[in-house]
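*Asks:* The amino acid sequence is not available; the structure is as follows:
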């Protein structure tokens, strides 16, 4: 799913409420309630994924986010996976996947020690 168009992303994510889109490292970071749940890099959308859901993304042809470092190594961030391209054609399913990404971000935040959490209690 190519989503370099910030206006389109804002429109598709509006029903979630409280979403902020920020420029980051030549791309975009997607935040809700202070937690990053997605990113756009090289015009590709990646969503935060709970460990038990990586198989779902892999079955859709996704792969974890990775980037090259200065020394030529590739670094993979396994908690963000490429979103299926088909989501751009189905706003309801897109929102369902975005909600799961938000839930994954919240779960990851809750798993951190109290002093390192970013968001307040969700409830």
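*Replies:* Everything's here; your move. None of the values given here were measured: they were computed from a predicted structure. Numbering: from 1, shown residues only.

*Asks:* What strand or helix carries residue 12?
*Replies:* Counting by DSSP states H and E, the element that carries residue 12 is helix 6-13.

*Asks:* got the angle between the very next helix or strand once past that helix and helix 6-13?
*Replies:* Going down the chain from helix 6-13, the next helix or strand is strand 19-24, by DSSP H and E. Relative orientation of strand 19-24 versus helix 6-13 (axes from the mean of the first three to the mean of the last three C-alpha atoms, to 10 degrees): 150 degrees.

*Asks:* Sheet-wise, list the partners of strand 19-24 with their directions.
*Replies:* strand 27-32 (antiparallel) (DSSP bridges).

*Asks:* Can you tell me what sits against the partner strand?
*Replies:* 6, 9, 13, 16, 18-23, 36-42, 102, 105 (C-beta atoms under 8 Å, 6 or more residues apart in numbering). All C-beta spots, glycine's among them, are computed from the backbone N, C-alpha and C.

*Asks:* can you give me the angle the helix or strand following it makes with strand 19-24?
*Replies:* Per DSSP H and E, the first helix or strand lying C-terminal to strand 27-32 is strand 35-41. Angle, strand 35-41 to strand 19-24, by the same axes, to 10 degrees: 50 degrees.

*Asks:* From residue 10, how far out is the residue lying closest to residue 29 once chain neighbours are set aside?
*Replies:* Closest residue to residue 29 apart from its sequence neighbours, by C-beta to C-beta, 6 or more residues apart in numbering: residue 22 at 4.8 Å. Between residue 22 and residue 10 the distance is 12 Å, computed by C-beta to C-beta, to the nearest Å.

*Asks:* Contact partners for residue 36?
*Replies:* Taking C-beta under 8 Å, 6+ apart, we find residue 36 in contact with 29, 30, 48, 105.

*Asks:* Please enumerate residues in contact with the helix holding residue 12?
*Replies:* Identification of contacts with helix 6-13 by C-beta under 8 Å, 6+ apart yields 3, 19, 21, 28, 30, 40, 45, 91, 94, 95, 98.

*Asks:* Compare those residues and tell me which has the most neighbours.
*Replies:* In terms of neighbour count, residue 45 stands highest of the contacts of helix 6-13 at 29 neighbours, by other C-beta atoms under 10 Å.
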